[in-house]
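Colleague: Fold the following and give me the result.
(one chain, ligands or ions: 2)
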Amino acid sequence: MLNRLKEYAINNNIPIMEEEGIVFLTTFIKDNQVKNILEIGSAIGYSAINMALVDKDIIITTVERDTDRYLQAVKNIKKFNLKDRIKIIEADALDIVLEDKYDLIFIDAAKSQYIKFFEKFKNNLNDNGFIVTDNLKFHGLTNNVDIIKSRNLRALVRKINNYVVFLKNNQEFITEFIDIGDGISISQRNK
Ligand code: SAH
Ligand code: MG
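Modeller: Numbers count the residues shown, from 1 in each chain. Ligands and ions are numbered 1, 2, ... in the order given. This is a model prediction of the structure:
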């Protein structure tokens, strides 16, 4: 069933997390006994479902602003019988206020707004929690900004690179960069 969901996403150009990244993320969740997760950018629910299936005690809140994708995610979450453990919110993540604290915050929405997501949702992180970000390599483009012909794409890739610099210079968080999948970072409060 998970494979079918993955195939559907690939065939419909829905940018789900790469297989390698999913394996890394789910292993990380298991190893660190992560229970409460906030995801920014659900798409059709693929990564949220994968994370929820790690352990039956895991509870996820996930946010998606695109109505079509949100509706597909709702359907998929139902199909996997995960309605009780995955709460999906249809909204722009930058417009909502969440009160809860999470063990892990997975940022995987608009790449141009990563710094904003990080600054906003760090307040929802448990003291020992992790902020994980996907797509820091952006399909290998982040090392090759100057050869990108499209202006918009170049601007986007520059923003991702700015985010990496932001993480590296951040005094409040320590970040580890993992060179698998499309490039992942893991940030934890500097104590
Ligand atoms: N995490 C998913 C893939 C997410 S793709 C997976 O791996 O299965 C990124 C999604 O983020 C898109 O569906 C896009 O609509 C959504 N998105 C982008 N910016 C957003 C925002 N500001 N708030 C909520 N969702 C956003
Ligand atoms: Mg991604």
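
Colleague: if you go through the chain in chain order, where are the strands?
Modeller: Here the chain has its strands, by DSSP state E, at 36-40, 59-64, 86-90, 102-107, 125-133, 173-178, 184-189.

Colleague: Which elements pack onto the fifth one?
Modeller: Helices and strands touching strand 125-133, by 3 or more C-beta pairs under 8 Å, 6 or more residues apart in numbering; DSSP states H and E, are helix 19-31, strand 102-107, helix 114-121, strand 184-189. The C-beta positions use only the backbone N, C-alpha and C, and glycine is treated the same way.

Colleague: most tightly surrounded among these?
Modeller: Highest mean neighbour count of the helices and strands packed on strand 125-133: strand 102-107, a mean of 24 (counted as mean count of other C-beta atoms under 10 Å).

Colleague: Run the angle between that one and strand 59-64 for me.
Modeller: For strand 102-107 against strand 59-64, the angle by axes from the mean of the first three to the mean of the last three C-alpha atoms, to 10 degrees is 20 degrees.

Colleague: returning to what we had before: looking at the helices and strands packed on strand 125-133, which is nearest to residue 153?
Modeller: helix 114-121 (15.9 Å; C-beta to C-beta).

Colleague: and the closest one, what does it pack onto?
Modeller: By 3+ C-beta pairs under 8 Å, 6+ apart, helix 114-121 packs against strand 36-40, strand 102-107, strand 125-133, helix 151-169.

Colleague: residues in contact with it?
Modeller: 38, 40, 93-94, 98, 105, 107, 109, 131, 133, 159-160, 162-163, 166-167, 187 (C-beta atoms under 8 Å, 6 or more residues apart in numbering).

Colleague: how about it, does it reach ligand 1?
Modeller: No - Helix 114-121 stays clear of ligand 1 (C-beta under 6 Å from any ligand atom), getting no nearer than 7.4 Å.

Colleague: CA atoms only for that helix, dumped as PDB, please.
Modeller: Extracted in PDB, the C-alpha atoms of helix 114-121 (Å, rounded to 0.1, in the frame of the first residue of the first chain):
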ATOM      1  CA  TYR A 114      12.600  27.700   5.500                       C
ATOM      2  CA  ILE A 115      14.100  30.400   7.800                       C
ATOM      3  CA  LYS A 116      10.600  31.700   8.600                       C
ATOM      4  CA  PHE A 117       9.300  28.200   9.400                       C
ATOM      5  CA  PHE A 118      12.300  27.500  11.600                       C
ATOM      6  CA  GLU A 119      12.000  30.800  13.500                       C
ATOM      7  CA  LYS A 120       8.300  30.400  14.000                       C
ATOM      8  CA  PHE A 121       8.100  26.800  15.000                       C
END
